[in-house]
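Could you look at this predicted model? Sequence included:
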Amino acid sequence: MATINGNPGPHTLGKVRTHPTQNEALMFEKSASGKRAYKLPPLDVPAVDAKELLGPAAREVRAELPELSEIELIRHFTRLSTWNYAIDLGMYPLGSCTMKYNPRVNEFVARIEGLAEAHPYRPESLAQGVLEIFDLLQRCLLEITGMDAITLQPAAGAHGEFTGILLTRAWHESQGNPRKKVLIPDSAHGTNPATAAFSGYAVENLKSNAVGGIDLEALASRVDEDTAALMLTNPSTLGVFENEIHKIADILHAKGALLYMDGANMNALVGKVRPGDFGVDVMHLNLHKTFSTPHGGGGPGSGPVACKADLEPFLPIPVLVQNQNGTKSWDYDRPQSIGRVRAFYGNTGMFIRALAYILANGPDGLRQTTEDAVLNANYIRKKLEDLYELPYKTPSMHEVVFSDKRQAVHGVRTGDIAKRLIDYGFHPYTVSFPLIVHGALMIEPTESESREELDLFVDAMRSIAREAEEKPDLVKTAPHSTRVSRLDEVQAARKPVLRWKRQGRGRE
Amino acid sequence: MPYPSSYRYTREHEWISPDGAIGITDYAQNSLGDIVYVEAPKVGDAVTAGAAFGSVESVKAVSDLFSPVSGKVTAVNEELKTAPDKINQDPHGTWIIKVELANPAEVNSLLDAAAYQAFIAEETS
Amino acid sequence: MRYLPKSDEERRQMLGEIGAASIDDLFAVIPAEYRLDRDLNVPRQQAESEIVGYFRAAGQKNATDYVSFLGAGAYRHYRPVIIDALVQRGEFLTSYTPYQAEITQGTLQAIFEFQTMIAELTGMDVANASMYDGSTGAAEAVMMAVRVTGRHKAVVAAAVHPEYREVLATYALHQGLPTTLVGYDAETGRIDLGSLEAAVTDETACVLVQSPNFFGVIEDIPAIAEIAHKKGALLIVSIAEAVSLGIVRPPVEADIVAMEAQSFGVALSYGGPFCGVVAAKEQYVRQMPGRLAGQTVDGAGNRGFVLTLATREQHIRREKATSNICTNQALVALMATIFMAVYGKEGMRELAEHNLAKADYAAKALAAQPGARLRFKGAPRFHEFVLQTDEAPAAWNRRLMENKIVGGIELSRWYPELKNCTLWCATEVVTREQIDAAAKVLAAAPVEA
């Protein structure tokens, strides 16, 4: 298999490789009593006797945290880091996840002292700088979405969905009837039905039509006086723009239902078309997708929710307002508000990063970004459609969805192809989603890939297609170049081991 | 794997034995893959024909268990708590719950082995 | 545009290979009436130096040279510099959720270490990979208790962070989950055990308390647990100040702990991103919300880690999931992991001791001033305390501000009965000199006020 100096093996070996074979134990296994990575300054007030101050509330037994020196910690986490794939190492074509470049200036400005050290309860007079950042970001996001009002409070996309559906519910209640159900296409992200259920609505699934879009007739027959909203992802999870979006909105609005848009795929729209202009009533954005805040191995995210003016009275408290003297403050006196969805005001550190990204782009850069994202997806589609089955021929926007139909005849499934991509130095695409495509390969290159990187990816995919025919077992047992091979997920789930425990130590 | 002729079957892929034991079919365990967890009701709970009474989980899927009959749970297979893989190894010999039927005639409306096999043949074609 | 790796010539070539005459062809599917035929009205494209300049100016406008005694759910502790050095490594920063375990062992092992240390500190068996923050974590813990018990009522202490309670109210509203509020003892600041006993019934799914509570007072967890468990309800302990666990007895009698780990090396950042986490007794693990990393082996028997028990989550169970939560706070949890490792077994204790000593000194120094007294003296506290003054806080706060000191936060905002009461916090970063200065300004109160 893959050797560093060339043959035999994939010809993409020039690509950087991660995951060396060096082992790194758990910190607890390396710990030795008496080692230190900290030093506190001398205590400048009288020392206290914890037992005396706290009585029975004092901790008797120290927690078994590791004891290590600073150099060992640096090496530990640096070694762990080398076992990760990352955008900084190469293309990360995870469909729906928008793994774009995370600019370093964003990290730099988020750590500026006056911003990073700001306590959430500091007097507003000392927080005008950060409030101005909130304000400018809000105005930019409203302009980008074409909506009227916005909250930055939700902590992530799913949290934004929850907030958006609560706004929907509150609006319906103000009209006299909260309604009972939310319609969700079968191509939707799992968070959509989970959110609707979490918000007290019954979920009704909508079957997609032959081109993977909303079936207008089916929609019209399902929307009634009990329908609160349709949760729609546009472009859909197939990367297809709902070109009859205005009819969808009309059908809903005629029955008093709202159109909720999952903004997961905004990277296909920014600067080209605005949801507020095509009938969307409420939507969330994922700053960690479209606006380049880092995924960080699974978070933090940020999920602002934008809505039309009708829904504005219901926004979570507090709402940012401008005073007559031009200063900004928080308004808590909002009797119709759905309440709070989290403590404080939102993931401020992410707002700073997202705004830095918008400023770096400007209107021309944002538009070019969208165009390049769509160009890249269509380029991949063109270069692979002769070898991989394209279940829906509708034009692609920012991502393209193939199926494993042609490889499956050799026993090679989408998950196998994905794992084999790792050997070629790429992160896998999104596997087996959307659910309406059997054996889906969902590829979103984003705008951050050069033509060279795209060509390497295309070569890798074409090579794997050949391997699937000629050496299917090689693909089915991939990856072959990683520190660990496929892990036993069945054992992990049957007998969960969720923490380290010292061997032979009883519970205290 | 043979489908015992003394059992009756549902279109949701559960079986029920003449003594009221309920499990899932070989076809069901095969399509789920390695079972990692079984969620079952408690002894004394009521079950309703066609309604969910628990679930079986594989690593990446959850499947509801639908009761073939109405009645009361008289026993729960505790062994499955630690060894859910028994279902994979011997699906027709591994029961999940035992039920006292409210109406013993209810089993007559279920599929027999031949009808069930015809049903799955149709589903897979 | 400097983030886009293509020349116009390359774009033209690629369009040619696709068979598109221009980029507009690729957007033709969008009905013309909706296409934006103008520039977005956002600020023009800026140089990196301009961006840095903009945010520096905003930071300065925020004022950085104030001494602060603010706490109330967001705490200023020293952040060891190796935290930012390590979390800014691109392999952590720019990696996705570790679904592809073979190439994300770094993130997965770090999460496993996080889960282990949180479990150790809280006295719980297991902890999840983190949640949005302490407030949503507490709300999720209540929903979890509803699933475990099959009951649909919650009892909540009034001394739980008011904003946490507001979040719970939002979450509970559409779940058909009525909550009963139980007040605090006016002398001790602890939950009123008599009222608690009366409020908990056979229908109560859980009792939610915070400890140290919003007033900085440590609750009597064993007594509360007994009352809850007697009626078959679960006890959820919310912990907003994670550093307290270095010296405060962990709530081992609790069934679920919902914690905010911001104190573990996470910047205040005007309230987020922070790091919630839910820990619990082992038997409840399948009802836990959020991601979990677990240990397993690969084909060759090597130890490795994977995200596990995923069937609880929304991407599989959809509308039947334990929560709609998708993300965790991985990078922030990594900060907390490094922080816990830097201080370690001995340092966490020593750090907590310093906090205890500073707050004890500050409480005595401030309460010794004319017209000032400590409230809730009858119970142990960690590093926050409630000061009541004869003079209205608005008046002395103005004086403090003139001296570049931000004093305690006024409690009447949430507790109208606590007139002229303020909540102060002194962590290890506050110096004796700063405490003395605040006391001196406070003392300048007009005596007749």
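Arrived safely, thanks for sending.

and residue 87, what helix or strand is that in?
This is for chain A. Remark: A:Ile87 resides in no helix or strand, with elements defined by DSSP states H and E.

please go with chain B instead
Per DSSP H and E, the secondary structure element for B:Ile87 is helix B:86-89.

helices or strands up against that helix?
strand B:35-39, helix B:79-82 (3 or more Cβ pairs under 8 Å, 6 or more residues apart in numbering or on different chains; DSSP states H and E). Where C-beta positions appear, they are placed from N, C-alpha and C, glycine not excepted.

How many residues are close by the closest residue to A:Asp281 other than its chain neighbours?
By the measure of Cβ to Cβ, 6 or more residues apart in numbering or on different chains, the closest residue to A:Asp281 outside its immediate chain neighbours is A:Leu258, 4.2 Å from it. A:Leu258: 29 surrounding residues under other Cβ atoms under 10 Å in any protein chain shown.

and the top helix by length along chain C, average pLDDT?
For chain C, the longest helix by residue count, based on DSSP state H, is helix C:330-367. With pLDDT averaged residue by residue, helix C:330-367 scores 98.

now it, how far from the centre of its chain.
15 Å (Cα atoms, centre = their mean, to the nearest Å).

which residue ranges form the helices in chain B?
If you assign secondary structure with DSSP H, the helices in chain B sit at B:26-32, B:79-82, B:86-89, B:113-124.

Would you pull up the residue in chain B closest to chain A?
Proximity of chain B to chain A (Cβ to the nearest Cβ) peaks at B:Val36, 3.8 Å away.

My guess is that residue contacts B:Val59. True?
Yes: at 6.1 Å, B:Val36 and B:Val59 qualify as touching, with contact defined as Cβ atoms under 8 Å.

Can you check which residues contact both of those two?
A:490, A:493, C:311 (Cβ atoms under 8 Å, 6 or more residues apart in numbering or on different chains).

who in chain B is up against chain C?
Within reach of chain C by Cβ under 8 Å from any Cβ of the partner chain, chain B has these residues: B:36-37, B:39, B:57-62.

The closest residue to C:Arg2 other than its chain neighbours: what's it in contact with?
If the residues on either side of it in the chain are set aside, C:Arg2 comes closest to A:Ala360, at 7.3 Å by Cβ to Cβ, 6+ apart. Contact partners of A:Ala360, counting by Cβ under 8 Å, 6+ apart, are A:103, A:105, C:1-3, C:45-46, C:48, C:51.

mind putting the residues you listed in JSON lines, neighbour count and distance to A:Leu219 included?
Listed next are the contacts of A:Ala360 as JSON lines, based on neighbours: other Cβ atoms under 10 Å in any protein chain shown; distance: Cβ to Cβ, whole Å:
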{"residue": "A:Pro103", "neighbour count": "21", "distance to A:Leu219": "40"}
{"residue": "A:Val105", "neighbour count": "18", "distance to A:Leu219": "44"}
{"residue": "C:Met1", "neighbour count": "17", "distance to A:Leu219": "39"}
{"residue": "C:Arg2", "neighbour count": "11", "distance to A:Leu219": "43"}
{"residue": "C:Tyr3", "neighbour count": "18", "distance to A:Leu219": "39"}
{"residue": "C:Gln45", "neighbour count": "18", "distance to A:Leu219": "41"}
{"residue": "C:Gln46", "neighbour count": "18", "distance to A:Leu219": "43"}
{"residue": "C:Glu48", "neighbour count": "16", "distance to A:Leu219": "47"}
{"residue": "C:Ile51", "neighbour count": "21", "distance to A:Leu219": "44"}
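
Ends of stretch C:124-135, what's the gap?
Terminal residues of stretch C:124-135 are spaced 19 Å apart (Cα to Cα, to the nearest Å).

for stretch A:107-116, same thing?
The first residue of stretch A:107-116 is 11 Å away from its last residue (Cα to Cα).

Extract the residue ranges of the chain that are flagged as low pLDDT.
In the absence of a named chain, chain A is used. In the predicted model of chain A, residues A:1-22, A:504-508 satisfy pLDDT under 70.

meant chain C, my bad for not saying
For chain C, the stretches flagged by pLDDT under 70 are C:316, C:445-449.

follow-up on the earlier one: give the buried residues for the helix holding B:Ile87.
Neighbour counts using 16 or more other Cβ atoms under 10 Å in any protein chain shown place B:86-88 of helix B:86-89 among the buried residues.

Ok, stretch A:226-235 next?
For stretch A:226-235, burial by neighbour count (16+ other Cβ under 10 Å) applies to A:227-235.
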